[in-house]
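Participant: Have a look at this fold, sequence not included:
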DNA sequence: ATCAATAGTGTATTATTGACACAAGAGTAA
DNA sequence: TTACTCTTGTGTCAATAATACACTATTGAT
């Protein structure tokens, strides 16, 4: 929650800079140590958790807005970002509405406006990210998908919708390039799928199917150093991966 | 294209009624005599073709906006409507920009604003629709998907994106309830799929697969009257159809 | 009665999926 | 050094689903 001074200053600059009534919220998925992670912000003072979000500059393509917002939060450029839904319930920001309505008159008060929010989700390599709070946040950090704090506004809905979309996408598109390090083992990739889907998969069938997609390259050398049998390292064949992204796996019918 | 008086009047009421910077465009698919149809509007004077669209009232959920807009154009209520993408290029309305910019000063001129447009697509029973032009249109009519006029703004892109989405959806959801009359024959349904996909399908395999989905009920009586062997009539089992919509056909992985 | 057009139905072949078991490598502890 | 444990790599068989394909039945038109 902002102080009155912060609010006033922010509202003035926001009105000049951004399109009114439109926001962007990002669901940033990462994967680390076998757990699915989501990037969340904790706002100063009010203590609530939110998805990272922001606004669209008056003359900025919305894809760039989403990228800009995420770059500020993660340090990452050229993230895999996918628009998935617009949330347009007039009451969706009611909490903010009530929180700020007495601090500034309505026509100066950015936060008592109605906002449609465009949901984007991103898949990123956990290790590449340096979570950075924005000016209103005390904390920006990864949270386990299985152990989420309560989210403010409709952000729980946005997160759930993103996850559903991701799971659906698993059925007709390759996934993993953006979530895995450059090189990885088949069991590690399988773990990613199992985590997203929240279910166990058969090792052998997973490998057969995944290799069948023809988007993986097996490196000469297996991974060294770990205990147990050394697994092979794989990497995505970026050209074929992108082709698969465009065409999809199941050209059914 | 509007006259100056029309423009002025419209802009004043629009500013009071609607959220600025946000519009909705609808791609309404119908199916008739073996052809895929799309509902288009031809604007008075400028002669350009557009998708039916409109704006979001200041306190209206966007799903209702889309429904309202379509009801005005088609007479239909409770249409199957699906949000599929937001188009947010700042230059996407440049044609309108240029067309109207000299007629009113920018701060009064609704149409020189930037608009993000939310794309919805609808599937409707061709026969239920009574195309009705809006106040700016000379014509509202069905056009063959295979023989479209040139569309203004980015409406060709919006249409193509809708079609791609529809084709993708065919792979994991039932389709047809909203496009077919209550009762239909298997060859008619097949024709719908062939038209959407723009490819021939095998009669026997189509039927087996479609029946396998378990969402069709075969009526006792075959269709009478036509030449040739009388085909059976089918209808969708609405309950199972809706369940399939929610769960999807391929719970893969 | 024959023909032309369309609808209904089944089967054999092939490809894909799912279930399952054993062998190989690498560290660990005796 | 050897046996043990853990994990990875790989193959096969059975069930299921997808494909290709051909004949019979019904109806109106001649």
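Facilitator: Thanks, I have it. Note that this is a predicted model, so its numbers are computed, not measured.

Participant: that's a helix at residue A:218, yeah?
Facilitator: No. According to DSSP: H, G, I helix; E, B strand; the rest coil, residue A:218 belongs to no helix; its state is strand.

Participant: Next, the contact list for it, please.
Facilitator: A:232, A:233, A:234 (Cβ atoms under 8 Å, 6 or more residues apart in numbering or on different chains). Quick note: C-beta positions are derived from backbone N, CA and C, even for glycine.

Participant: out of those residues, which touch DNA strand D?
Facilitator: Contacts with DNA strand D within the contacts of residue A:218, counted by Cβ under 7 Å from any atom of the strand: residue A:232.

Participant: DNA strand C: which of the contacts of residue A:218 is nearest?
Facilitator: Checking the contacts of residue A:218 against DNA strand C with Cβ to the nearest atom of the strand, the nearest one is residue A:232 at 10.9 Å.

Participant: Is that closest one in contact with residue A:220, as I believe?
Facilitator: No. Using Cβ atoms under 8 Å, residue A:232 is not in contact with residue A:220, being 9.1 Å away.

Participant: ok, these two, which is more surrounded?
Facilitator: Under the criterion of other Cβ atoms under 10 Å in any protein chain shown, the comparison of residue A:232 against residue A:220 puts residue A:232 first, with 13 against 6.

Participant: Please report the distance of that one from chain B.
Facilitator: Distance, residue A:232 to chain B, by Cβ to the nearest Cβ, to the nearest Å: 22 Å.

Participant: what does the model give that residue for pLDDT?
Facilitator: What the model reports for residue A:232 is a pLDDT of 95.

Participant: Does anything pack onto the longest strand along chain A? Which helices or strands?
Facilitator: Longest among the strand segments of chain A by residue count, using DSSP state E, is strand A:18-32. Packed against strand A:18-32 by the contact rule (3 or more Cβ pairs under 8 Å, 6 or more residues apart in numbering or on different chains; DSSP states H and E) you find strand A:35-43, strand A:53-57, helix A:62-74, strand A:116-123, helix A:155-169, strand B:18-32.

Participant: Would you map the helices across the stretch 101-250 of chain A?
Facilitator: Assigned helices in the stretch 101-250 of chain A, in chain order: A:155-169, A:186-197, A:203-212, A:238-247 (criterion: DSSP state H, counting those that start in this stretch).

Participant: Please produce JSON lines containing the contacts of residue A:218, extended by distance to residue A:16.
Facilitator: Listed next are the contacts of residue A:218 as JSON lines, based on distance: Cβ to Cβ, whole Å:
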{"residue": "A:232", "distance to residue A:16": "55"}
{"residue": "A:233", "distance to residue A:16": "51"}
{"residue": "A:234", "distance to residue A:16": "49"}
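
Participant: Out of the contacts of residue A:218, which is nearest to DNA strand D?
Facilitator: Once Cβ to the nearest atom of the strand is applied, the member of the contacts of residue A:218 that ends up nearest DNA strand D is residue A:232, at 3.5 Å.

Participant: From residue A:206, how far out is the closest one?
Facilitator: 14 Å (Cβ to Cβ, to the nearest Å).

Participant: Turn the helices of the stretch 101-250 of chain A into CSV, including mean neighbour count, mean pLDDT and distance to DNA strand D.
Facilitator: Shown next, in CSV, are these (neighbours: other Cβ atoms under 10 Å in any protein chain shown; pLDDT from 0 to 100; distance: least, Cβ to the nearest atom of the strand, whole Å):
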stretch, mean neighbour count, mean pLDDT, distance to DNA strand D
helix A:155-169, 18, 95, 18
helix A:186-197, 17, 95, 3
helix A:203-212, 13, 96, 3
helix A:238-247, 14, 91, 15
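
Participant: Tell me which of these sits nearest to residue B:76.
Facilitator: helix A:155-169 (26.7 Å; Cβ to Cβ).

Participant: who does the closest one touch, helix- and strand-wise?
Facilitator: Looks like helix A:155-169 contacts strand A:18-32, strand A:80-87, strand A:116-123, helix A:186-197 (3+ Cβ pairs under 8 Å, 6+ apart).

Participant: In JSON lines: those, plus distance to residue A:105.
Facilitator: JSON lines is the format used below for the helices and strands packed on helix A:155-169 (distance: least, Cβ to Cβ, whole Å):
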{"stretch": "strand A:18-32", "distance to residue A:105": "16"}
{"stretch": "strand A:80-87", "distance to residue A:105": "27"}
{"stretch": "strand A:116-123", "distance to residue A:105": "23"}
{"stretch": "helix A:186-197", "distance to residue A:105": "46"}
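
Participant: hang on, residue A:156 packs against residue A:163?
Facilitator: No. Taking contacts as Cβ under 8 Å, residue A:156 lies outside contact range of residue A:163: 10.7 Å.

Participant: Residue A:173 and residue A:250 touch, don't they?
Facilitator: No. Counting by Cβ under 8 Å, residue A:173 does not reach residue A:250; the two are 9.7 Å apart.

Participant: These two - which one has more neighbours?
Facilitator: Using other Cβ under 10 Å, the more surrounded residue of residue A:173 and residue A:250 is residue A:173, with 17 against 14.

Participant: Contact partners for that one?
Facilitator: A:244, A:245, A:248, A:249.

Participant: Report the separation between it and DNA strand D.
Facilitator: 19 Å (Cβ to the nearest atom of the strand, to the nearest Å).

Participant: Also residue A:214?
Facilitator: Shown here: residue A:214 relative to DNA strand D, a distance of 15 Å by Cβ to the nearest atom of the strand.

Participant: Spatially nearest residue to that residue (excluding sequence neighbours)?
Facilitator: Once flanking residues are discounted, residue A:214 sits nearest to residue A:240: 5.9 Å by Cβ to Cβ, 6 or more residues apart in numbering or on different chains.

Participant: Show me what from the stretch 51-200 of chain A comes close to chain B.
Facilitator: When proximity is defined as Cβ under 8 Å from any Cβ of the partner chain, the stretch 51-200 of chain A approaches chain B at A:56, A:58-63, A:65, A:83, A:85-86, A:88-90, A:114, A:116, A:118, A:168, A:170-172, A:193, A:197, A:199.

Participant: Now list the buried members of the residues you listed.
Facilitator: Buried by 16 or more other Cβ atoms under 10 Å in any protein chain shown: A:56, A:60-63, A:65, A:83, A:85-86, A:88, A:90, A:114, A:116, A:118, A:168, A:170-172, A:193, out of those.

Participant: Also near DNA strand C: which of these, exactly?
Facilitator: Applying Cβ under 7 Å from any atom of the strand to these, none is adjacent to DNA strand C.

Participant: Could you check the pLDDT of residue A:171?
Facilitator: 86.

Participant: Give the full set of residues in contact with the most centrally placed residue in chain A.
Facilitator: Centroid-nearest residue in chain A: residue A:28, 1.7 Å away (criterion: Cα atoms, centre = their mean). Applying Cβ under 8 Å, 6+ apart to residue A:28 gives the contacts A:38, A:39, A:52, A:70, A:73, A:74, A:121, A:122, A:124, A:129.

Participant: now do 7 Å
Facilitator: The neighbours of residue A:28, taking Cβ atoms under 7 Å, 6 or more residues apart in numbering or on different chains as the test, are A:38, A:39, A:52, A:70, A:74, A:122, A:124.

Participant: How many residues are close by the fourth one?
Facilitator: Other residues near residue A:70 come to 25 when the count uses other Cβ under 10 Å.

Participant: same check, this time on the first one
Facilitator: By the measure other Cβ under 10 Å, the count of residues near residue A:38 is 22.

Participant: hmm, back to that, how far off centre is the longest strand of chain A?
Facilitator: 8 Å (Cα atoms, centre = their mean, to the nearest Å).
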